[in-house]
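Trainee: One predicted model, sequence on top.
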Amino acid sequence: MLFAKERLQASDPQLGLLYSAQSVGVIVLSLAAGPLRKRCSFSQLVLGAMMLNGVLTAGLALTRWYGAAIPLLALRAGLMMLFNISVISLRQAIVPNDMLGRVTSSLNVLVNAAAPLGSLIGGMSIDRTHNVALVFGIIGLLQFVITVAFSLTPLGRSERCLPQPETGLG
């Protein structure tokens, strides 16, 4: 909201349109998750979504044009949902059913504890720099670089962990 108000000079109705665009992005990429997963490996899909999200975040930081922000925000929100769907699907595939509830709960606690901390750090950074676009740009670049680093870890080869479909030959 701060970014849209300060950087794009968005009015209140325009903010509503930005939120609606994000919802459309979530719906479209949620529906595309299955077909995309059939075409791409898990690593390509998850890491690609995060890298592209970082690039789009940095691109959003550079724009002052409201019209350009609409598709950028829609795609960013959709990519985050695509990431979430893919990661949850992987977790369900590799974690034993009797452990799934505990693993999911533990991850939810970690994610929900980190989000307010990230918001606090982001808010303090904007307050200190007085430049919301700069902070957005740095966040986008960091997201891209961190994702590239993760692609060099076992996450980049996570298909090895996935159960292989049975061929029916026997």
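Mentor: That came through, no problem. Numbers count the residues shown, from 1 in each chain.

Trainee: now G78: how far from Q14?
Mentor: G78 sits at a distance of 20 Å from Q14 (criterion: C-beta to C-beta, to the nearest Å). (Glycine included, C-beta is placed from N, CA and C.)

Trainee: what does G122 give?
Mentor: Applying C-beta to C-beta to G122 and Q14 gives a distance of 22 Å.

Trainee: List the buried residues for stretch 37-56?
Mentor: Applying a neighbour-count criterion of 16 or more other C-beta atoms under 10 Å, the buried positions in stretch 37-56 are 37, 42-43, 45-56.

Trainee: out of these, which one sits closest to R157?
Mentor: Closest to R157 out of the buried residues of stretch 37-56 is S43 (6.7 Å), distances taken as C-beta to C-beta.

Trainee: so that closest one touches T153, yeah?
Mentor: No. Using C-beta atoms under 8 Å as the test, S43 is too far from T153 to be in contact (10.2 Å).

Trainee: packing partners for the helix of greatest length in the chain?
Mentor: Taking DSSP state H as the assignment, the helix of the chain that covers the most residues is helix 97-129. Other helices and strands packing on helix 97-129, by 3 or more C-beta pairs under 8 Å, 6 or more residues apart in numbering; DSSP states H and E, are helix 66-94, helix 132-151.

Trainee: With distance to E159 added, can I get those helices in TSV?
Mentor: What follows is those, written out as TSV (distance: least, C-beta to C-beta, whole Å):
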stretch	distance to E159
helix 66-94	10
helix 132-151	13
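
Trainee: what's the closest of those helices to A21?
Mentor: With respect to A21, and counting by C-beta to C-beta, the nearest of those is helix 66-94 at 4.2 Å.

Trainee: helices and strands around the closest one, which ones?
Mentor: With contacts defined as 3+ C-beta pairs under 8 Å, 6+ apart, the secondary structure elements packing on helix 66-94 are helix 12-39, helix 42-62, helix 97-129.

Trainee: got a pLDDT number for the one residue sitting closest to the centre of the chain?
Mentor: Note on the chain: the residue nearest the mean C-alpha position is M80, at 2.8 Å, using C-alpha atoms, centre = their mean. For M80, the model assigns a pLDDT of 96.
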